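Asker: Got a predicted model here, sequence first, then my questions.
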Amino acid sequence: MKIKNTTTPHWILVNIIVLLLCLTAITVHAQDEPGSPLPFLLITNSDAASPPTIQLQVVGMDGQGNAIDFNGGGVVLKENGAPVDFQVTGSTPVGTLTVFLIDVPGGVSEQIPAIQQAILQYASAGNMVEGTDYVAIYKISETGPVELLAPTNFYNSVQNAFATPLEPETGATALVDSIMAMLNQMETLKPNPLMQEALVVMSDGTDVVSSQFTTTDVAPNAANLGIPIHTVWLDNAELGGLSIGRDYLAEVSSGSRGTAVQLTNPADLAQIWSRITALRNHTNLSYLMDNPVGGSLEISLNLADNPDVQATTSLEVSTTVPSVTIELPIESRIMSLPNLDNPVKLRFATTVSWLDGVERKLEAAQLVVNGTVVSDIPVQNINDFEAEVDNLVFGDNTVQVAVLDEQGIPVTSPAVNLTVQEGNRDVPQDLDAGGASGLSWLIWLVLLVALLLAAFYLVRRYDLLSKVKMPSRGGKREKGAAATASSDYTAAAYDEPLTQSTPSAKSGNQPIVTSAVPIAYLEVLEAVTRIAGPIELKASQVSLGRSPAQADIAFENDITVSRIHATLHLEGSHFRLFDERSTSGTWVNEQQVPEYGIQLMDGDEIHLGAVHLRYREA
């Protein structure tokens, strides 16, 4: 007789339910695990002042937080939806803000000296750049972050912050709430809105309970903001060797493009410092408009292998801006010379037009080679001119033409690359202006000597001096004045090659045009040097600095100001402000002035070191 087993189906059902519960738990856990975030792209500046050249400033991180190399060909640049070819033209030091968030419960008190030493290691030469990078320090308390050091760009300030050693917290510490609070504050802490932020959390990774957030909120929030969270795990002696917090810190870092290391391995800290400093410089890109016209441009930058990772900006191109192009075929951009001992006479053809199609008068033009003005160009010969070039080098050389039109708008052409090889003289026909200039100068010298000798012979032979009536001592000198006035354009610095000019005793042959009526003026809001009343700006180029012998406007008692700190250039009806490689930088409305300057508007506030000015237009 068989006995029927009625319990088997029940056990099978129980096993199926348990298995489903396990699979559900695994699935939920997998969903909670943060994956690698997407790369991050940002266009931080743009300039359409010299069409057809468009200039951009960009920065980016891959999914692991490494700086994107824009030379690598992995990005696509588009203008109004159409791809354009671009080139990398250098970089601009924008700076970084690194915030250290320190979690020091009682069990990590023995590691406090190592914590302080790690922060000082970053805030030193070789990592942080004084004057460009900023550091802030916060401590995690029971309710949130507490400021120990406001953002500073000086090493000594960080050292002074630890004059009184850190004290461990006696109660619980709110890790998650503190991190989320810092992420929300980072934008307001940045001295320069363009600089890249980084959060360095030094903690044992425990006390992650929060009444406002879940533990998985931290990494996605940081990734969306583009703020990497680098974590440094501290070994808490009270946890008996348990490393549960280390796993959480590692998840936060990997999910926010950060790096996770242990404080007990000091050499690993260099990984964090290198990730941060790699984002200090933003990459400069430029491209040529295929069809230069005025109006709005929609610029987009995206990854070639992931078009969803994108940065965008809008540009307005003025219809009255001149467009300058050097017409030199690709095949004519290579030449050979036996040496570079003497200047070389070259020929160039240039096309100048205005985007609105209206022909205007050119006031001046200059040839710029390797960033230096080498020759003034007669404006009537701008389409086909010759010039002596004395600063060529073997290898690649950049050639540009800068013009100033009757509107007072200075524009520089896109750079043409000219390659000079060593060998027998072989100059392309498009460039050849009739041989080396050293020989032509010798011929002219011989002719000049011959003419002088002939003139001397005629004067002696016919006693011409006795027949010349000399003017009286009080005679007029209109001709001399006219001769002086005819030399109104001189070579300028490359940063702003052209403005209308008269020679200045203070700055050599810098171009300056003066006006009886001030074009704009500066209000002095704060300065050690006393300057009475508003400073009137009557010239198209005005230099500011500490040296009375070199600067047009001198703050001679302000040691925070460089000898030549900044320069104002008139462009149309507004001034553009340029930093002259000053030690402390030049700032407009808390934004650092890039290498191509910032156009000023009425009410803009300017900082040169400790000098605080306000720009006003007349």
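Answerer: Looks like it arrived, so ask away.
Asker: and A349, what does it touch?
Answerer: A349 sits next to I326, E327, L328, N383, D384, D430 when contact means CB atoms under 8 Å, 6 or more residues apart in numbering. In short, each C-beta sits where N, CA and C put it, glycine included.
Asker: Which one of these sits in the busiest neighbourhood?
Answerer: Among the contacts of A349, L328 has the most neighbours (other CB atoms under 10 Å), with 20 neighbours.
Asker: Which residues are in contact with it?
Answerer: F348, A349, V399, V416, L418, D430, L431.
Asker: are any of those buried, and which?
Answerer: The neighbour count (16 or more other CB atoms under 10 Å) marks F348, V399, V416, L418, L431 as buried among the contacts of L328.
Asker: looking at the sheet around the third one, what are its partners?
Answerer: Read it as V416. Counting by DSSP bridges, V416 is bridged to V399.
Asker: contacting residues around it?
Answerer: By CB under 8 Å, 6+ apart, the neighbours of V416 are I326, L328, R333, T398, V399, Q400.
Asker: Closest one to L77 out of the contacts of A349, please.
Answerer: Proximity of the contacts of A349 to L77 (CB to CB) peaks at I326, which lies at 22.9 Å.
Asker: Just to check, that closest one is in contact with F348?
Answerer: Yes. Between I326 and F348 there is a contact under CB atoms under 8 Å: 6.0 Å.
Asker: Which pLDDT does the model give G572?
Answerer: What the model reports as pLDDT for G572 is 76.
Asker: What is the neighbour count of it?
Answerer: For G572, using other CB under 10 Å, the count is 16.
Asker: And N160, by the same measure?
Answerer: When neighbours are counted by other CB under 10 Å, N160 comes out with 12.
Asker: helices or strands next to the host helix or strand of it in the packing?
Answerer: For N160, the host element (DSSP states H and E) is helix 155-161. Secondary-structure packing of helix 155-161 (3 or more CB pairs under 8 Å, 6 or more residues apart in numbering; DSSP states H and E): helix 112-122, strand 134-140, strand 145-152.
Asker: Which among these is found nearest to I564?
Answerer: For I564, the closest of those is strand 134-140, at 25.3 Å, according to CB to CB.
Asker: And D305, how close does it get to V208?
Answerer: For D305, the distance to V208 (CB to CB, to the nearest Å) stands at 35 Å.
Asker: With neighbour numbers in mind, choose between the two.
Answerer: Legend: neighbour count by other CB under 10 Å for D305 and V208, higher for V208 (20 against 10).
Asker: contacting residues around that one?
Answerer: L175, V176, T215, G245, Y248 are the contacts of V208 under CB under 8 Å, 6+ apart.
Asker: so where's the stretch 401-550 of the chain shaky on pLDDT?
Answerer: Within the stretch 401-550 of the chain, the stretches with pLDDT under 70 are 434-446, 456-517.
Asker: show me where it has helices.
Answerer: Using DSSP state H, counting those that start in this stretch, the helices found in the stretch 401-550 of the chain span residues 437-462, 478-485.
Asker: re the thing from before, ok, and what's touching the following helix or strand past the helix holding N160?
Answerer: For helix 155-161, the following helix or strand on the C-terminal side (DSSP H and E) is helix 175-189. Contacts of helix 175-189 with the rest of the structure, by CB under 8 Å, 6+ apart, involve 97, 99, 101, 103, 136, 138, 140-141, 143-145, 151, 193, 197, 199, 201, 203, 205-213, 215, 217-218, 221-222, 225, 227, 229, 252.
Asker: Can you list the buried residues in helix 175-189?
Answerer: L175, V176, D177, S178, I179, M180, A181, M182, L183, M186, L189.
Asker: Please apply the same query to stretch 77-94.
Answerer: Applying a neighbour-count criterion of 16+ other CB under 10 Å, one finds L77, E79, F86, S91, T92, P93, V94 buried in stretch 77-94.
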